[in-house]
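Enquirer: could you look at this predicted model? Sequence included:
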Amino acid sequence: MLTIKRYVRAQSLDEAYALCQKRANVVLGGMLWLKTQNRTVDTAIDLCGLGLDTIEETPDAYRIGAMVSLRALEQHAGLGALTQGALAESVRHIVGVQFRNLATVGGSLYGRFGFSDVLTLFLALDARVELHHGGTVPLAEYAARPYERDILTHVVLPKLPGRVAYASQRNSATDFPVLACAVALRPDGVRCAVGARPMKAQLYPGDPALLAGGVTPETADAFAAAVAQQAAFGSNLRAGADYRRGLCRVLVRRALLACKEG
Amino acid sequence: MEIQLKLNGRPLRAAVEPGTLLLDFVRAHGCASVKRGCETSNCGLCTVLLDGKPVLSCSVLAARADGCEVQTLEGLQAEAEAFVAFIADQGAEQCGFCNPGYVMNTIALLRENPDPTDDEIRAYLAGNLCRCSGYEGQLRGIRAFLDARGPAKEGHHG
Amino acid sequence: MAETKTVGKGVRKKDALGLLLGRPAFVEDVTPRDCLVVKVLRSPHAHALIRSIRTDLATKVPGMVAVYTYEDVPRQRFTIAGQTYPEPSPYDRLILDRRLRFVGDAVAILAGESEAAVDKAMKLVKVDYEVLPAVLDPHTALDNPVLVHPEDDWRALCAVGADNRRNLCASDRCGDGDVDAVLADCDVVVDHVWHTKPCQQAMMETFRTYTEIDPYGRLHVVSSTQIVFHVRRILAQALGIPKSKIHVEKPRIGGGFGAKQTAVCEVYPAFVTWKTGRPAHIVYTRQECQTAGSPRHEMEVHVRLGASKQGKIRALDVYTLSNTGAYSEHGPTTVGLSGHKSIPLYTGGLEAFRFAYDVVYTNVQAAGAYRGYGATQGIFAVESAVNELADRLGVDPVALREQNMVREGMRMPAYYNEPANACALDRCMARCKDLFGWDEKFPVRDMGNGKVRAAGVAMAMQGSGISGVDVGSATVRLGDDGIYNLVIGAADMGTGCDTILAQMVAECMDCDVDNVAVFGADTDASPYDSGSYASSTTYVTGKAVERACTQLKTQLCALAAKGFGCTPEEVEFTGDAVRRLDGSASVPLADLATRAMCNNTTAVQATCTHSSPISPPPFMVGMAEIELDKETGSVTVLDYKAVVDCGTPVNPNLARVQTEGGIVQGIGMALFEDVHYTPAGRILENSLMQYKIPTRLDMGHLQVEFEASYEPTGPFGAKSIGEIVINTPAPAIAHAVFRATGTWFRDLPITPEKVYTALHAQP
């Protein structure tokens, strides 16, 4: 059971930052995961009054506030176009509309949850996160870091050319993924992220040379097989490691082919 | 701590504990329609509109709703009455425990998308669990309402 | 059958709009909020003895009123199974026991002024556990040196073959003919074991009860229960107080599906209120529901099915091992249905059958009653065996069933020799085949990209009430203005029985259904009813309603005749009036009602009680079309068609929604709903985050039709519908998955990983 002793709606990022230096304090995102935990929070720090719920477009990127909901991401036309629908595809399975109206992109990325669809896709999109003190950090680097006491304020999605596709496998429609794969096929190469392994998502290089001659069912499969060999998988309630490895090859291949078809 | 919000149109000032969930807050303020079905944000029974958006009131601190407008089915009776009779005509209400959450989310759906397809209805309501009806009768009810109403006008709000 | 005006119509449920508009209706909505909060401290161990338990620190928490341990509760054992006395479920419970028998078993009861106080106190109860070896595997339970119930005061009231010194909750065998000889003579024998999990009812409203002492000093219980009268008896036994001191009622119930046929939570607040004199309530968390509830019995069903080359099913040998968990609730009875509601489907040419079972105690969550009640498990096994037979013989599984199925007029040896008075199973099959497009969909179709489509079929039966046991009663009363009050002890748990029974009154009394007000269920006010379970309400209580109406009409005629100065034989009831047959006089019903309330000695209320010596089975056919992704193992249900013979559908809308709801629960059981234990016996699927019931994106498209038969012993020809509807999806979907993959899946649920693994294991 979650116990919260004090609630503070931060008036500034500095205030939030200062508060979150204490171990017993927590920055609230959508509170969906936090709520299921058995812990006592000294101060719950709410960022909802800091205007972090907007999506700004610049000539070369989208800058997304940490408090933007997954539902807002799903419905955003510009992000939909940038990702050819992959963004909506990556979040539409997450429980339901009411849940996605609460879940925040900042919470999803800060949490670096193993099951995170958002982390998986954003890795393939070369996202960067902006930390109040730590500055701008590539998401791949951020995802690999231990939890630190800094405030994730924004995530930046660069407008990169190329195609994106997202594929996940779930035991039932709105369950956590058993495996999640995101592929971005760019003029300068391919980015492939695999999440819900069930460990958190990570980028895998595969063997880019395999795709040098273009994406065909055969080359896609070979590339996918390379990724499946590189990635580490584990077992949990939903599936075992061997199945995940097998799925990885299927989903990466399908995502690659979807990029090509698109 | 004290919060101020609008509950079903009425301004309300109340003392809450920092950890009080919006679900418990609105139930304590006369909104018995809002139900709890799980502890893990999975069932949708506690759906309310927070500044017009459907959310799980079990996962929102009452403190976060400070300054917001909260609507429950108690405050949206007329909007619900427009379509729930069609669900009743299917017998799809069954035990009724999931109904308020599901009706609230249907209100949100119809405000957002006045002419949804069956697949859009299913997708929007996916977070509303029901163990009695098998869902099909709920869908038939909404479909019957939409068909009886005819095409919605632009900007229609329920 | 005769033309009917109200029976057979899709009348809107009486409480529909109130429920849809969120009006207060449920336990938590209609009871005071400022009552004691009751919670239960639960065992972290699968098997342990309490060496010592300290409650002093917990009791000192401000706002705490009481902390009770095993030392505080009465010592007589009881069962919480809601069954007619003497219950077949052995008496093996105490309110709190020193021995803890599963992870989640009750250690202490805490009561306080607020949830916060109770939560705080919960952490301060200090328990020293002597952890004992646990029996977690039902296969090793029988005659295991570790006993779940070693106590001397364990008691079986009925001869169910129970022996607590062997971990045996029940055991029996029966048969007809020489099964071994017939099997030896068969051309083909299908011989396998099927396994189903302890699935949860997962009704949206968790268990909850409110209790208070009323002005008469009696214990007033408002509970979400299907069984008010059984709850009264159970509480009297548990608390050791007279039944006259207890009054139980149910408000609207947020779903039951059998879960609330067991008094899962009532004893805790009742004990608190009885001890403290203060109002109290308990509301189970979803986690408690999932781990200390009353789920389906896990069963392993071994079927040996013998047939001739020509497809004649000649012998069925069924052995079921059922796991009742830590306590006996419904253990001795659910298991019977695994054979008695599966084998009779093939009465057609069956020469011999045998059905034997053992029900064992283990140190896991106690099982209970869940829609289907053992039939679901048995039908999964037997129907799967028949589908496998069809495959081995290379014949169409529909044709094979048509060749062997039970038909109207047959006597069913495996169903206590009851006759199939009304049986439209053959018509259900023909109609479903047509509706589904069986001939087009049965062949496996390759959709490209690794996906194939395939189809499967299954039949089912159930009962209508427990023959010779269940009692249904109804009081019908004429009131002011000619309205009727119907008072029942059956519990509408969302199914609509209040409305269905009112339709029967409206039909009998020739009035509008809005003219009938329904009340129930309340042990002080309702006539006795065993409760709403075992698919009994429409069939058993419905007949009581019909008979009460007949009796009321006689009373009305007598009252009117007195006014006319003639004999009752000279008048007739016409719905809105009673008239003299010679046309010389007529009294409107409203006037008769007025007359009944002034200087009157003729009752205008009739109570009738009904019980049935037989339990006529409803029948059903279900067909599933799936798409299976051979690369990922995903199974998607595209289409599910079902045709049901429930006798006369009294309210086709409600019967349809019952069917659809049951099918979706069946789909959940087949594909998603799983239960895993840690090595220490803790359930991992302890929430709706982990225990995945189907959403509306998981069930494909459903279509349900009815093939009516006319059951002569039922009201208006009705049988039952509530339970049978969950029985076909598991075997039909397993069949379709076999068609798509070439592998039979005999362990539920059929997860994508299992499918994938099987496909990749193939040479």
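Expert: Thanks, I have it.
Enquirer: stretch C:38-51 near chain A anywhere?
Expert: No: if you take Cβ under 8 Å from any Cβ of the partner chain as the test, stretch C:38-51 misses chain A, and the best it gets is 11.2 Å. Using the backbone N, CA and C atoms, a C-beta is placed for each residue, glycine as well.
Enquirer: kindly report the residues of the stretch 351-500 of chain C close to chain A.
Expert: C:Gly450.
Enquirer: I'd say C:Ala596 and C:Gln605 touch.
Expert: No: look at C:Ala596 against C:Gln605 with Cβ atoms under 8 Å: they stay out of range, at 9.2 Å.
Enquirer: the two: which is more packed in?
Expert: More neighbours surround C:Ala596 than the other of C:Ala596 and C:Gln605, with 21 against 17 (other Cβ atoms under 10 Å in any protein chain shown).
Enquirer: enumerate the residues of the stretch 1-150 of chain A near chain B.
Expert: A:2-7, A:9, A:28, A:30-32, A:35-36, A:44, A:46, A:48, A:71, A:92, A:95-99, A:101-102.
Enquirer: ok, now with 10 Å
Expert: Residues of the stretch 1-150 of chain A that fall close to chain B, judged by Cβ under 10 Å from any Cβ of the partner chain: A:1-9, A:28, A:30-36, A:40-41, A:43-44, A:46, A:48-49, A:69, A:71-72, A:75, A:92-103.
Enquirer: picking that back up, what is in contact with C:Ala596 and C:Gln605 at once?
Expert: Between them, C:Ala596 and C:Gln605 share these contacting residues under Cβ atoms under 10 Å, 6 or more residues apart in numbering or on different chains: C:Arg477, C:Leu478, C:Gly479, C:Gln555.
Enquirer: partner residues bridging the third one?
Expert: The reference is to C:Gly479. Beta bridges link C:Gly479 to C:Ile483, judged by DSSP bridges.
Enquirer: that one contacts C:Leu552, correct?
Expert: No: contact criterion Cβ atoms under 10 Å: C:Gly479 and C:Leu552 do not qualify, at 11.6 Å.
Enquirer: shared neighbours, the two?
Expert: In contact with both C:Gly479 and C:Leu552: C:Val604, C:Gln605, using Cβ under 10 Å, 6+ apart.
Enquirer: okay, the two: which has more neighbours?
Expert: More neighbours surround C:Leu552 than the other of C:Gly479 and C:Leu552, with 25 against 15 (other Cβ under 10 Å).
Enquirer: show me what the closest residue to that one other than its chain neighbours bridges to in the sheet.
Expert: Counting by Cβ to Cβ, 6 or more residues apart in numbering or on different chains, C:Ala606 is the residue found nearest to C:Leu552 once chain neighbours are left out, at 4.2 Å. Applying DSSP bridges to C:Ala606 gives these bridge partners: C:Val476.
Enquirer: off-centre distance for the one helix or strand A:Ala224 maps to?
Expert: Here A:Ala224, judged by DSSP states H and E, is contained in helix A:217-230. Remark: helix A:217-230 is offset 22 Å from the chain centroid, using Cα atoms, centre = their mean, to the nearest Å.
Enquirer: what's the angle between the helix or strand following it and helix A:217-230?
Expert: Per DSSP H and E, the first helix or strand lying C-terminal to helix A:217-230 is helix A:241-261. If you take axes from the mean of the first three to the mean of the last three Cα atoms, to 10 degrees, helix A:241-261 sits at 140 degrees to helix A:217-230.
Enquirer: in terms of secondary structure, what does helix A:241-261 contact?
Expert: helix A:86-91, strand A:163-170, strand A:177-186, strand A:189-195, helix A:217-230, helix C:752-761 (3 or more Cβ pairs under 10 Å, 6 or more residues apart in numbering or on different chains; DSSP states H and E).
Enquirer: and the ones you listed as a markdown table, adding mean pLDDT?
Expert: Converted to a markdown table, the helices and strands packed on helix A:241-261 look like this (pLDDT from 0 to 100):
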| stretch | mean pLDDT |
| --- | --- |
| helix A:86-91 | 98 |
| strand A:163-170 | 98 |
| strand A:177-186 | 98 |
| strand A:189-195 | 97 |
| helix A:217-230 | 98 |
| helix C:752-761 | 96 |
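Enquirer: can you list the weak-confidence ranges in the stretch 651-763 of chain C?
Expert: C:762-763 (pLDDT under 70).
Enquirer: which one is the residue in the stretch 201-350 of chain C that chain A sits nearest to nearest to, not counting chain neighbours?
Expert: Closest residue of the stretch 201-350 of chain C to chain A, Cβ to the nearest Cβ: C:Thr285 (9.4 Å). Distance criterion Cβ to Cβ, 6+ apart; nearest residue to C:Thr285, sequence neighbours excluded, is B:Glu39 at 5.9 Å.
Enquirer: do C:Ala170 as well
Expert: C:Pro332 (3.5 Å).
Enquirer: confirm for me that A:Glu57 is in contact with A:Val156.
Expert: No: between A:Glu57 and A:Val156 there is no contact under Cβ under 10 Å: 11.1 Å.
Enquirer: can you pull the residues that touch both of these two?
Expert: With Cβ under 10 Å, 6+ apart as the test, A:Glu57 and A:Val156 both reach A:Arg63.
Enquirer: so the two - more neighbours on which side?
Expert: Using other Cβ under 10 Å, the more surrounded residue of A:Glu57 and A:Val156 is A:Val156, with 21 against 13.
Enquirer: list the beta-bridge partners for that one.
Expert: Bridge pairing for A:Val156 - DSSP bridges - gives A:Arg63, A:Arg128.
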